[in-house]
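**Q** here's a sequence, model it:
(chains A and B)
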There are 2 protein chains.
Amino acid sequence: MEIERKFRIKEMPDLGQYASKRFVQGYLCTSPTVRVRNEDGEYFLTYKSRPTEDLLAREEYNLPLSEEAFEKLIEKCDGNIIRKTRYFIPLGENKEGSSLTAELDVFDAPFEGLVFAEVEFPTVEEARSFLPPVWFGEDVTDDRRFYNSFLSETDPETFHIL
Amino acid sequence: MEIERKFRIKEMPDLGQYASKRFVQGYLCTSPTVRVRNEDGEYFLTYKSRPTEDLLAREEYNLPLSEEAFEKLIEKCDGNIIRKTRYFIPLGENKEGSSLTAELDVFDAPFEGLVFAEVEFPTVEEARSFLPPVWFGEDVTDDRRFYNSFLSETDPETFHIL
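**A** Now for the predicted structure:
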C-alpha cells in the first residue's frame, strides 16, 4: 500500500545538491494504472489499484522488466510519454520519528515548467498530520490533474495548470 | 511463488462431471510474462517472472482489471489470442496430505485438439515426489512449447505437437 500526499511548489529549492533520477514512463491503462517506467536504467511494470476515496492510499506493485521488455511495452502505451527528473530532498524526521523525503518531479517537454512534490508516509495518520515545509505550495493530493496518468492522456496544448 | 508440473494427456477423462471455466487470454510481453485474461467474466493482469532453471517455480502476481481495462489491453496483445476451457479435476490427497487438482486445459481454435494438464503444489518437494494418475502422459514441465505464451507467438499452421 502506498500512502502519499502531493504538493505544488511555492519556491524551488537549489536542486544541484540533491540525488536525482531520470524517469521515462508511459501508460498501458489508466484505470487501474498499468505503467512502464525506465528509472535511470532500471525497468519496471507498475500496477496501482484504483485509489480509495480520499486518494491517500493505493495498492501498488513494482515488477521488474528487462530493457527489451520495457522497449516493447512503451511502444504499446497510449498518449504522451512522460519524461521527468526526480530529485530526492530529505525533510528530516516527523514527530513520530519517520524520516521523510520529498520526491520533487521536474517535467520535460511536453509538460516543461510543471513541477510538484510527493511525500510518502508509513501510515495514514502520519500523512494526515504532516506539516509541509514553507517552500511547498497547495496540497493537490486529491487533484487528478496532477496524476502522471492524467498527463499521459492530456493534450499539452490545452494544459493550463502551469 | 507458483510451483507446478505440466503433463500431456494419455486418456481423456469424462469432462462432463467437472467444474470448468472459459479463458480468453493474450500476452503483452513474454519475457517476463505479462498476460491479460478473462476468466469467466473476472479479469486479471498477470505478471510471471522468468522461470528458474528447472521451470518448476515462478513468481506470479494476479492483479484485478475491470472489463473495460481488459478490452483495452487485449487489443494491445501480440500474436494469437488463446481461447480454452479449463476443467478442475480433483486428484485426491498426496502422502503429505495436500489436496491436489489437475487443471486440464482444452484449447479452442487456432489450437483445437491441444490439451494438457497442470498440477500446482505447495512445495517443490511435493512437486518432485508427485505420482501422476494413469491417464496423464509425458511430463512436459520443461518443454517451452507447452507454454501458453509460446503458443501466443506460434503460427498455428506450423504447430506440430498435436
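
**Q** give me the low-pLDDT residue ranges for chain A?
**A** A:51-57, A:161-162 (pLDDT under 70).

**Q** how many residues are close by A:A109?
**A** Residues lying near A:A109 (other CB atoms under 10 Å in any protein chain shown) number 9. Using the backbone N, CA and C atoms, a C-beta is placed for each residue, glycine as well.

**Q** list the residues that contact it.
**A** By CB atoms under 8 Å, 6 or more residues apart in numbering or on different chains, the contact list for A:A109 reads A:R83, A:P156.

**Q** same check on A:L104?
**A** With CB under 8 Å, 6+ apart, A:L104 has these contacts: A:I9, A:P13, A:L15, A:Y18, A:R86, A:Y87, A:F88, A:I89, A:V115, A:F116, A:A117.

**Q** check A:N38 too.
**A** A:N38 makes contacts with A:R22, A:F23, A:V24, A:Q25, A:F70, A:I74, as judged by CB under 8 Å, 6+ apart.

**Q** so which of those residues is the most crowded?
**A** Neighbour counts for those, by other CB under 10 Å, peak at A:F70, which reaches 23 neighbours.

**Q** for it, phi and psi?
**A** The phi and psi torsions at A:F70 (degrees, to the nearest 10) take the values phi -60, psi -50.

**Q** which residue is the nearest non-sequential neighbour of it?
**A** If the residues on either side of it in the chain are set aside, A:F70 comes closest to A:Y43, at 3.9 Å by CB to CB, 6 or more residues apart in numbering or on different chains.

**Q** tell me what the one you found is bridged to.
**A** A:Y43 forms beta bridges with A:N38, A:L65, as assigned by DSSP bridges.

**Q** isn't it right up against A:N62?
**A** No - using CB atoms under 8 Å as the test, A:Y43 is too far from A:N62 to be in contact (10.5 Å).

**Q** residue contacts, the closest residue to A:R83 other than its chain neighbours?
**A** In space, and not counting its chain neighbours, A:R83 is closest to A:D108: 4.0 Å by CB to CB, 6+ apart. By CB under 8 Å, 6+ apart, A:D108 lies in contact with A:R83, A:K84, A:T85.

**Q** surely A:L63 and B:L63 touch.
**A** No - A:L63 is not in contact with B:L63 according to CB under 8 Å; the separation is 9.4 Å.

**Q** residues shared between the contacts of those two?
**A** The contact lists of A:L63 and B:L63 share A:Y47, B:Y47, where a contact means CB under 8 Å, 6+ apart.

**Q** picking up where we left off before, any idea how far the residue nearest to A:F70 is from chain B?
**A** Per CB to the nearest CB, to the nearest Å, A:Y43 is found 10 Å from chain B.

**Q** what do you get for A:Y27?
**A** The value you get for A:Y27 to chain B, if CB to the nearest CB is used, is 11 Å.

**Q** show me what the lengthiest strand in chain A packs onto, helices and strands only.
**A** Within chain A, and with DSSP state E defining each element, the longest strand by residue count is strand A:78-93. On a contact count with 3 or more CB pairs under 8 Å, 6 or more residues apart in numbering or on different chains; DSSP states H and E, strand A:78-93 meets strand A:19-30, strand A:99-107, helix A:148-152.
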